[in-house]
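K.L.:
Quick one: sequence and predicted model below, then my questions.
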Amino acid sequence: MTTIIQAKQLSFSYGKHQVLDKLDLTIKTGEIIGLIGENGAGKTTLLNLLLGVRTADSGELTVFDQTPGSALAKQKIGSMLQGDMAIRGVTVTELLTMAATNYPAPLSAATLITTLDLTAFAQQQLTALSGGQLRRVTFALALISNPDLLFLDEPTVGMDTNAQQAFWQRIQVLKAQGKAVIITSHYLPEIEQVADRILLLQDGRFAFQGTFATLQQRYQQVVITFQTALPGSTFDHLAGVTAVTGRHQTIKISSEDRDATLQALVPYLAQLQQVTINRESLSEIFVQLTKGAKA
Ligand SMILES: Nc1ncnc2c1ncn2[C@@H]1O[C@H](COP(=O)(O)OP(=O)(O)OP(=O)(O)O)[C@@H](O)[C@H]1O
């Protein structure tokens, strides 16, 4: 795998507000990176530095061994950022055909329209598209240059379930072709599913960089769920328990010591049904990590 992005000690501030603080980052071909963090954590700012839209205050950053924003780097990057498509008064086909002329080895508009299932609205004006359709066209636009690196900022917002599934399948195809993809999303179940590596941005730093499996191992919490007629308060003080939530007789216990909590539940076993034990999801870990930082 070849290194595509290399950042060392990268810092950036808007005036006195420091957003990124000495970040180190390496991204290689074929990697799908999930970039996560709370609102305002600096995800879009980092993408803007990688695109060369903004310049770091200090540190080193290369993208395809180039300064970000160089002509070569631009050719090799496709991006799908947030915000409205600025171009009006053209159809989907016209837009993609025009965009293709900007690049030396683009994909054809017709191929993308077929592959991404845009045929039904390919002859419509952009202004006549729904939000989800427009998002799918934006994805096609990100791919038209046949880029080696993709930045996708909240890509699936507004897409229906079928479009989302097709989108993630396409991402796997791109990965298999050796492309690298950086995705930001607040919908963490999809990041958990697709990302080879997760970067959690918090207070200007990466609070975590690694696989979801590593994050789960490091974060030893488990969730024990069961049905019972007993009140939730019965379980508040059991060994290892960090949180008890429950509704309609379904109780959910978070535990930082699975064995101790299971042992403590033994006296109640006859009154518990449908017991399941799971490691925490990325969403649950995210909430605890970000809450912990503020405590
Ligand atoms: N042009 C700007 N001028 C001043 N401050 C800005 C500017 N753009 C962003 N910020 C601030 O920088 C911080 C990081 O913003 P950024 O948009 O990178 O966050 P984000 O992680 O992408 O957030 P979200 O998840 O809400 O999209 C925020 O506190 C934001 O208010």
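P.N.:
Received the coordinates, thanks. Numbering: from 1, shown residues only.
K.L.:
tally of neighbours for residue 243?
P.N.:
Other residues within reach of residue 243, judged by other C-beta atoms under 10 Å, total 15. From N, CA and C alone the C-beta is placed, and that goes for glycine too.
K.L.:
now for the helix or strand containing it, which elements pack on it?
P.N.:
Counting by DSSP states H and E, the element that carries residue 243 is strand 241-247. Applying 3 or more C-beta pairs under 8 Å, 6 or more residues apart in numbering; DSSP states H and E, one finds that strand 241-247 contacts strand 250-255.
K.L.:
who does the strand it packs on pair up with?
P.N.:
strand 222-228 (antiparallel), strand 241-247 (antiparallel) (DSSP bridges).
K.L.:
Dump the ones you listed to a markdown table, plus distance to the ligand and mean pLDDT.
P.N.:
Shown next, in a markdown table, are the strands paired with strand 250-255 (distance: least, C-beta to the nearest ligand atom, whole Å; pLDDT from 0 to 100):
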| stretch | distance to the ligand | mean pLDDT |
| --- | --- | --- |
| strand 222-228 | 26 | 93 |
| strand 241-247 | 25 | 86 |
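K.L.:
and those strands as JSON lines, adding distance to residue 189?
P.N.:
Shown next, in JSON lines, are the strands paired with strand 250-255 (distance: least, C-beta to C-beta, whole Å):
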{"stretch": "strand 222-228", "distance to residue 189": "15"}
{"stretch": "strand 241-247", "distance to residue 189": "18"}
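K.L.:
Ok, which of the ones you listed comes nearest residue 175?
P.N.:
Among the strands paired with strand 250-255, the nearest to residue 175 by C-beta to C-beta is strand 222-228 (29.8 Å).
K.L.:
which parts of that closest one are buried?
P.N.:
Neighbour-count burial for strand 222-228 flags 222, 223, 224, 225, 226, 228 (criterion: 16 or more other C-beta atoms under 10 Å).
K.L.:
Tell me where the stretch 1-150 of the chain has helices.
P.N.:
Applying DSSP state H, counting those that start in this stretch to the stretch 1-150 of the chain gives helices spanning 43-51, 71-76, 92-100, 109-115, 131-143.
K.L.:
Output these in CSV, with mean pLDDT and mean neighbour count appended to each entry.
P.N.:
Formatted as CSV, these follow (pLDDT from 0 to 100; neighbours: other C-beta atoms under 10 Å):
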stretch, mean pLDDT, mean neighbour count
helix 43-51, 94, 21
helix 71-76, 89, 16
helix 92-100, 95, 19
helix 109-115, 96, 17
helix 131-143, 93, 20
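K.L.:
Can you check which of the ones you listed gets nearest to the ligand?
P.N.:
helix 43-51 (3.3 Å; C-beta to the nearest ligand atom).
K.L.:
For that closest one, name the packing helices and strands.
P.N.:
Using 3+ C-beta pairs under 8 Å, 6+ apart, helix 43-51 sits against strand 3-14, strand 17-28, strand 32-36, strand 58-63, strand 77-80, strand 149-153, strand 180-184.
K.L.:
Please state the offset of the second one from the chain centre?
P.N.:
Okay, so that is strand 17-28. 17 Å (C-alpha atoms, centre = their mean, to the nearest Å).
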